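Student: compute the structure for the input listed below.
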Amino acid sequence: MKCLILAAGYATRLYPLTENFPKPLLKVGEKTILDWLLDDIDASGEIDEYVVISNHKYVSHFEAWAKDKPYPVTVVDDGTSSNETRLGAVRDIQFAIESLHLDSDMLVMAGDNVLDFSMKSFIKYALEKQSSCIMRYYEADPAKLKKCGVVQIDNEDRILSMEEKPEEPKSNWCCPPFYYYTKEDSKKIAEGIKAGCGIDAPGSYIAWLCQETSVYAMEMPGKRYDIGNLESYKQVQNDYKGINK
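Tutor: The predicted structure is shown next:
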């Protein structure tokens, strides 16, 4: 299984910290955001390669970071150099698949969140389902629902519909940016783009895919710390205590 890390954004709301430095490599406690994620995932024993998708502006930082990792990391440069010219998450995933000729099941995730639970539970869930999967968490605030991906599910966790940033949310189930694609479904991304799925938010591909095949949504077993601006970064630095064992 490959693990693709979406790290080609420009994190403009975190300037000046990220004006010339990538958000996933900011420190939270004694580790970078990305190290918190990957050190945990690698303990699952399921990943044989990590692929960090960077923009051209920050690629050298990721290449320097990758040199001393105890697991194989490939850094790809999507060639963009500004927020205005970014490819969008879905096109970045397709870019990495085509550039590296990837032909595998994939764990796909944003590289700028920290979690207080292990991703191993999600990997286990996806392998048991033998289908593409996402995570979900309950969100009571209607304003927050309108800023994320919202899913409807049946009583077996199968997604009935998914919509990114809906004006009228159809449920209280929000989707964090962590996904599992089967090998077969990872090959359909180009088809999804051609069919008109959104390209900016990574969940847009799932919104299309769940209408084509079965996709399941595991309830998130803990908390995700979203680092969106300077204030939330300071809050995470104060509050985050690592992964609950």
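Student: tell me the contacts of Leu209?
Tutor: Counting by C-beta atoms under 8 Å, 6 or more residues apart in numbering, Leu209 makes contact with 132, 185, 188, 192, 215. For every residue, glycine as well, the C-beta is placed using N, CA and C.
Student: looking at it, the third one is touching Cys210, isn't it?
Tutor: No. Under the criterion of C-beta atoms under 8 Å, Lys188 is not in contact with Cys210, lying 11.7 Å apart.
Student: neighbour count winner among those two?
Tutor: Counting neighbours by other C-beta atoms under 10 Å for Lys188 and for Cys210 shows that Cys210 has the greater number, 22 against 18.
Student: if I look at Pro72, how far off is Asp35?
Tutor: Look at Pro72 and Asp35: by C-beta to C-beta, to the nearest Å, they are 15 Å apart.
Student: low-confidence ranges in this structure?
Tutor: Residue ranges of the chain with pLDDT under 70: 245.
Student: one more time with 50, if that's ok
Tutor: Scanning the chain for pLDDT under 50 picks out nothing.
Student: centre-most residue in this protein?
Tutor: Among the residues of the chain, the smallest C-alpha distance to the mean C-alpha position (C-alpha atoms, centre = their mean) belongs to Met109, namely 2.1 Å.
Student: what are the phi and psi values at it?
Tutor: Per-residue torsions, Met109: phi -150, psi 150 (degrees, to the nearest 10).
Student: check Asp35 too.
Tutor: phi -70, psi -40.
Student: count the residues that sit near it.
Tutor: 17.
Student: distance of it relative to Ala64?
Tutor: Distance of Asp35 to Ala64, given as C-beta to C-beta: 14 Å.
Student: and for Pro24?
Tutor: Relative to Ala64, Pro24 is positioned 13 Å away (C-beta to C-beta).
Student: neighbour count winner among these two?
Tutor: Summary of the neighbour comparison: Pro24 and Ala64, criterion other C-beta under 10 Å, with Pro24 having more neighbours (29 against 11).
Student: what's the more buried one in contact with, if anything?
Tutor: By C-beta under 8 Å, 6+ apart, the contact list for Pro24 reads 5, 7, 32-34, 111-112.
Student: what does stretch 219-238 rub up against?
Tutor: The set of residues that contact stretch 219-238 without belonging to it, under C-beta under 8 Å, 6+ apart, is 13-14, 17, 23, 26, 28-29, 33, 112-117, 121, 135-137, 176, 239-240, 244.
Student: okay, and Met135 sits in which element?
Tutor: Taking DSSP states H and E as the criterion, the element that holds Met135 is strand 132-138.
Student: continuing past that strand, what's the next helix or strand?
Tutor: Where DSSP H and E defines the elements, the next helix or strand beyond strand 132-138 is helix 142-145.
Student: alpha carbons only: can I get stretch 169-187 in CSV?
Tutor: Below are the C-alpha coordinates for stretch 169-187, written out as CSV (Å, rounded to 0.1, in the frame of the first residue of the first chain):
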residue,chain,number,x,y,z
PRO,A,169,-26.1,20.1,4.8
LYS,A,170,-28.1,16.9,4.6
SER,A,171,-26.6,15.4,7.8
ASN,A,172,-24.2,16.1,10.7
TRP,A,173,-21.5,13.8,9.5
CYS,A,174,-18.4,15.7,8.4
CYS,A,175,-15.4,14.2,6.6
PRO,A,176,-11.8,14.9,7.6
PRO,A,177,-9.2,14.7,4.8
PHE,A,178,-8.2,11.0,5.3
TYR,A,179,-9.1,8.5,2.6
TYR,A,180,-8.4,5.0,1.5
TYR,A,181,-8.7,4.1,-2.2
THR,A,182,-8.6,0.5,-3.5
LYS,A,183,-6.2,-0.2,-6.3
GLU,A,184,-9.2,-0.3,-8.7
ASP,A,185,-10.7,3.0,-7.5
SER,A,186,-7.3,4.8,-7.6
LYS,A,187,-7.4,4.2,-11.4
